[in-house]
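In: need coordinates for the following:
(chains A and B, ligands or ions: 2)
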Amino acid sequence: MSASGIPVIRIRNTLLSAIQGDLSDQVAEAFQQHLLTRIEATGASGVLLDISALEIVDTYVARVLVDTAKMARLMGARTVLVGMRPEVAATLINMGNGLDGLETALNVDDGLDHLGTLRSG
Amino acid sequence: MGVLASYSIEIASEDGVVRVRNQVREVALRAGFDAFAVAAISTAASELTRNAWVHGGGGAARVEEVEEAGRRGVRVDFRDAGPGIQDVERALRGGFSTRRSLGLGLSGTRRLVDEFSIDSTVGVGTHIVIAKWARLGARA
Ligand SMILES: Nc1ncnc2c1ncn2[C@@H]1O[C@H](COP(=O)(O)OP(=O)(O)O)[C@@H](O)[C@H]1O
Ligand SMILES: [Mg+2]
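Out: Numbering: from 1, shown residues only, chains lettered A, B, ... in the order given. Ligands and ions are numbered 1, 2, ... in the order given. This next block holds a predicted model:
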């Protein structure tokens, strides 16, 4: 747990974080810093961001997600976004926001498989 | 058009975003919106409240449950006394931001709702009204 209140847990060489609650600017920044610190501490090469609890993803939250993945990538870890709700996917596309190249998977299970292929690819 | 309920919410901090969004969600559910329509109007409200806070320096929102010709809807009115928008056409086209952010808030919001009107005057402020209607046949 970090100042953001969003837990980051390790499963072998992957970090899993279920994003919940309201991402204020401060919470978002604290979460990003905590996740990056955990990548360094654990040497994790993959990150799963589970957003199944998010009822909406506006352009601000979208930006936080995309930036977080880019930061992790700079450190050498790949990020897969998992669990996006149907209404969130539809809303993002209707708004013209494709989330800028973020890797996605249906759920945590598929996300772990996807990270496996990203690592060997 | 009849107004069935009305809620005024001050946008005086980032917290306003969550408060306005939660009120919009509650009214949309009561009006019989399905999950897709709830997400659309909630996301639109989130964008416009954040704009009123970040770009407009704060203001107020009024969330209304409305009825017209037997259908229910949600109307939200956003007002701020900030700097106003220099070029409304350009801001609405999308991909334009004075904050190095995505610039998809206004253009995207317009596509998520049934009605959208904007009145912005430089040096005076910005007033935006959006409305979305429950699909006909939806339980209200
Ligand atoms: N309430 C407002 N007051 C002043 N300027 C605004 C307001 N809302 C939007 N704008 C202007 O329109 C631009 C586009 O807004 P938007 O599409 O939401 O993108 P973003 O918020 O990501 O910059 C903003 O960068 C800002 O310059
Ligand atoms: Mg915006």
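
In: how far off centre is the least confident helix or strand in chain B by mean pLDDT?
Out: Least confident helix or strand of chain B, by mean pLDDT, DSSP states H and E, is helix B:88-93 with a mean of 94. With Cα atoms, centre = their mean, to the nearest Å as the basis, helix B:88-93 stands 16 Å off its chain's centre.

In: residue contacts, whatever residue of chain A ends up closest to ligand 2?
Out: In chain A, the residue that lies nearest ligand 2 is A:Thr59 (6.1 Å; Cβ to the ion). In short, each C-beta sits where N, CA and C put it, glycine included. Contact analysis of A:Thr59 by Cβ atoms under 8 Å, 6 or more residues apart in numbering or on different chains lists A:Met95, A:Asn97, B:Glu47, B:Ser101, B:Leu102, B:Leu104, B:Gly105, B:Gly108.

In: contact residues of chain B facing ligand 1?
Out: B:47, B:51-52, B:55-56, B:80, B:82-85, B:91, B:96-99, B:101-107, B:126 (Cβ under 6 Å from any ligand atom).

In: buried among the contacts of A:Thr59? Make that a ChimeraX selection.
Out: The ChimeraX command for the buried members of those (criterion: 16 or more other Cβ atoms under 10 Å in any protein chain shown) is given here:
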select /A:95,97 /B:47,102,104,105,108
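
In: for ligand 2, state which of the contacts of A:Thr59 is nearest.
Out: Nearest to ligand 2 among these: B:Gly105, at 2.8 Å, using Cβ to the ion.

In: local confidence estimate at residue 54?
Out: Reading this off chain A. Here the pLDDT value assigned to A:Leu54 is 95.

In: looking at chain B here, not the other one
Out: pLDDT at B:Val54 comes out at 95.

In: is the residue nearest to it when sequence neighbours are not counted part of a helix or strand, or is it coil?
Out: Spatial nearest neighbour of B:Val54, excluding adjacent residues (Cβ to Cβ, 6 or more residues apart in numbering or on different chains): B:Arg99 at 6.9 Å. Recorded secondary structure, B:Arg99: coil (DSSP: H, G, I helix; E, B strand; the rest coil).

In: strands along chain A, start to end?
Out: For chain A, applying DSSP state E gives strands covering A:8-11, A:14-18, A:46-50, A:78-82, A:103-105.

In: low-scoring stretches of the chain, by residue?
Out: Reading this off chain A. A:1-2 (pLDDT under 70).

In: looking at chain B here, not the other one
Out: For chain B, the ranges with pLDDT under 70 are B:100, B:137-140.

In: how about the residues of it near chain A?
Out: Proximity of chain B to chain A, by Cβ under 8 Å from any Cβ of the partner chain, involves residues B:14-15, B:17-18, B:21, B:25, B:35-36, B:38-40, B:42-43, B:46-47, B:50, B:94, B:101-102, B:104-105, B:107-109, B:111-112.

In: ok, of those residues, which come out buried?
Out: Neighbour counting with 16+ other Cβ under 10 Å marks B:14, B:17, B:21, B:25, B:36, B:38-40, B:42-43, B:46-47, B:50, B:94, B:102, B:104-105, B:107-109, B:111-112 as buried within the residues of chain B next to chain A.
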